[in-house]
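> Here's a sequence, model it:
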Amino acid sequence: MSEQQQRKIMEAYRKLYRQGGTLLENAKAMEQEDGLDENVQAMLKSIIRSGEQQYGRYLEKFRH
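Numbering: from 1, shown residues only. Below you'll find the predicted structure:
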């Protein structure tokens with residue numbers, strides 16, 4: 001990966017884990033942004049897909 005791709009992933013990581021809200025909510029919000037790096041898109045799809053399954057991030061839907 002290039003340095004620019006690595007930077008994009010680190011920026012996405014910060015947005016996902018350091019904002020308020022759950023990981024799943026943050027991933028869904030970020031997915032709506034334009035111009036995302038392909039690696040970031042793959043990461044977001046993986047997080048969202050894991051939220052649809054019974055195990056993994058599924059239980060985050062019921063937090064609050």
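> In the protein, where is pLDDT below threshold?
Within the chain, the ranges that satisfy pLDDT under 70 run 53-64.
> residue nearest the centroid of it?
Most central in the chain under Cα atoms, centre = their mean is residue 27, positioned 3.4 Å from the mean C-alpha point.
> Okay, and that residue sits in which element?
Per DSSP states H and E, residue 27 falls inside helix 23-31.
> buried set for the helix or strand just after that helix?
The element immediately downstream of helix 23-31 (helix or strand, assigned by DSSP H and E) is helix 38-51. Buried residues in helix 38-51, counted by 16 or more other Cβ atoms under 10 Å: 40, 43, 44, 47, 48, 50, 51. Every residue, glycine included, has its C-beta placed from N, CA and C.
> Which elements pack onto helix 38-51?
Applying 3 or more Cβ pairs under 8 Å, 6 or more residues apart in numbering; DSSP states H and E, one finds that helix 38-51 contacts helix 3-18, helix 23-31.
> hey, which of the ones you listed is tucked in deepest?
Neighbour counts (mean count of other Cβ atoms under 10 Å) averaged over each of the helices and strands packed on helix 38-51 peak at helix 23-31, with a mean of 17.
> What angle do helix 38-51 and that helix make with each other?
140 degrees (axes from the mean of the first three to the mean of the last three Cα atoms, to 10 degrees).
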